[in-house]
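Participant: give me a 3D structure for the following:
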Amino acid sequence: MRKLDENFEEWITFILFALLVVVVLLQVIFRYILQVSLHWSEETARYTFITFVYFSAIVAVKRNKHLRTEGLVQILPAKAKKTINILADIIWLAFTILMIRLSYLATMTVLASGQQSPVLKIVMGYIYAVVPICFTLMSFRILQQIIRKIKHKEHDDSASSVETTT
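Facilitator: Have a look, this model is predicted:
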């Protein structure tokens with residue numbers, strides 16, 4: 001389970017990126033060298049890219065690498081920095097939970113409509129389901145970060161100190 005916890009999102013992003021590269025490369029080869037267009041490649045690349053972006057965001061959460069505006073926070077004492085960072089993560093967690101709910105409702109609406117993608121004929125609800133699934137995983141990773149920050153006795157001045165506590 002530890003290996004899964006440490007590497008799940010990284011493996012998914014690796015597979016998605018590799019698939020994206022292969023599909024786009026095939027499209028370029030077929031279109032510009034063989035003068036034939038692959039009808040399925042554009043949709044496949046689009047949906048793969050969307051999924052890749054969401055899973056990459058989860059990796060950034062897990063590694064504590066998302067951008068933050070910390071100018072004011074940096075002048076505060078260490079205990080206040082830690083408190084504000086935890087509070088910011090709690091607000092972010094609330095946002096992701098809201099996004100889970102809203103994206104789930106959108107997914108259910110699209111699933112009920114029976115809409116399919118134009119070329120691949122994939123039920124679009126399955127494509128939309130990536131969003132609530134990824135926000136759920138992101139919420140889990142944010143919760144892990146909050147717990148790590150609470151357990152960490154002294155304040156972490158950088159993201160790398162949070163990573164070393166794992």
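Participant: what about residue 101, how many neighbours?
Facilitator: A count of neighbours around residue 101, defined by other C-beta atoms under 10 Å, yields 12. All C-beta spots, glycine's among them, are computed from the backbone N, C-alpha and C.
Participant: for it, give me the pLDDT.
Facilitator: On the pLDDT scale, residue 101 is placed at 98.
Participant: please, where are all the strands along the chain?
Facilitator: Read by DSSP state E, the chain holds no strands at all.
Participant: distance from the lengthiest helix in the chain to the middle of the chain?
Facilitator: Criterion DSSP state H: the longest helix present in the chain is helix 78-113. Between the centre of helix 78-113 and the centre of its chain there are 12 Å (C-alpha atoms, centre = their mean, to the nearest Å).
Participant: how about stretch 39-49?
Facilitator: With C-alpha atoms, centre = their mean, you get 19 Å for stretch 39-49.
Participant: then stretch 48-62?
Facilitator: 3 Å.
Participant: now that stretch: buried residues?
Facilitator: 48-52, 54-59, 61-62 (16 or more other C-beta atoms under 10 Å).
Participant: now, which of these sits nearest residue 82?
Facilitator: Distance to residue 82 across the buried residues of stretch 48-62 (C-beta to C-beta) is lowest for residue 61, with 18.1 Å.
Participant: which ones are touching the closest one?
Facilitator: Listed by C-beta atoms under 8 Å, 6 or more residues apart in numbering, the contact partners of residue 61 are 138, 141-142, 145.
Participant: which pLDDT value belongs to it?
Facilitator: Residue 61 is given a pLDDT of 92.
Participant: for residue 76, same thing?
Facilitator: pLDDT at residue 76 comes out at 84.
Participant: equivalent analysis for residue 146, please.
Facilitator: 94.
Participant: and if you look at residue 159?
Facilitator: On pLDDT, residue 159 comes in at 43.
Participant: let's see if you can find the most crowded of the contacts of residue 61.
Facilitator: Neighbour-wise, the contacts of residue 61 (other C-beta under 10 Å) top out at residue 138, 26 neighbours.
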